[in-house]
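J.: how does the following fold in three dimensions:
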Amino acid sequence: MNGVIQDSQDYENFIHNWRELYKRNTVFTLHFDTTDVGMVSIKYAFRMRSFIRELKSSYPRLLSKSYIEVNSKWVRFLLRFIFMLERPVADVHIYQENVPGHTLVRGIDS
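T.: Okay, the predicted model is just below:
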């Protein structure tokens, strides 16, 4: 992830690449670096909620966990908002580089 999501096509490309991981039919871990994503529109939080629901209902549980590096309060808020709307598919560890401790979501770390 790099820079601001410019349009729906940027978001769709991101989701398409994520779906492609499931075609490998092997367990995987995701690492996201959101330190340069900028101000993301809240509309993508709702779209991500729908995508998480899709993953839960349409794909085998291949995602073992996710690590999300965050340095923006806005992005951290959006992540918490998304996971309040829809529990993650697997454990999510949200952390800030060079800051001790992190939060586990679902374990959701934050």
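J.: bridging residues for residue 30?
T.: residue 66 (DSSP bridges).
J.: these two touch, right, it and residue 55?
T.: No. Assessed by C-beta atoms under 8 Å, residue 30 is found out of contact with residue 55, at 11.5 Å. (Each C-beta comes from the backbone N, C-alpha and C, glycine too.)
J.: what do these two both touch?
T.: residue 63 (C-beta atoms under 8 Å, 6 or more residues apart in numbering).
J.: tell me the secondary structure at residue 94.
T.: When classified by DSSP: H, G, I helix; E, B strand; the rest coil, residue 94 comes out as strand.
J.: just give me the neighbour total for it.
T.: Residues lying near residue 94 (other C-beta atoms under 10 Å) number 23.
J.: sorry, back to before: so between residue 30 and residue 55, which is more surrounded?
T.: residue 55 (21 against 15).
J.: which residues does the residue nearest to that one when sequence neighbours are not counted contact?
T.: Excluding the flanking residues, the one nearest residue 55 by C-beta to C-beta, 6 or more residues apart in numbering is residue 89, at 5.1 Å. Residue 89 makes contacts with 52, 55, 56, 61, 63, as judged by C-beta under 8 Å, 6+ apart.
J.: which of those fall in helices?
T.: Secondary structure from DSSP state H places 52, 55, 56 of these in helices.
J.: these two touch, right, the first one and residue 92?
T.: Read it as residue 52. No. Residue 52 is beyond contact range of residue 92, at 10.5 Å (criterion: C-beta under 8 Å).
J.: ok, those two, which is more surrounded?
T.: Of the pair residue 52 and residue 92, residue 92 is the one with more neighbours under other C-beta under 10 Å, namely 25 against 17.
J.: run through the bridge partners of that one.
T.: residue 66, residue 108.
J.: give me the pLDDT for residue 95.
T.: At residue 95, the predicted lDDT confidence score is 88.
J.: neighbours around residue 90, how many?
T.: So residue 90, with other C-beta under 10 Å, has 19 neighbours.
J.: what pLDDT does the model give it?
T.: pLDDT, residue 90: 94.
J.: wait, it sits on residue 59?
T.: No. Using C-beta under 8 Å, residue 90 is not in contact with residue 59, being 11.7 Å away.
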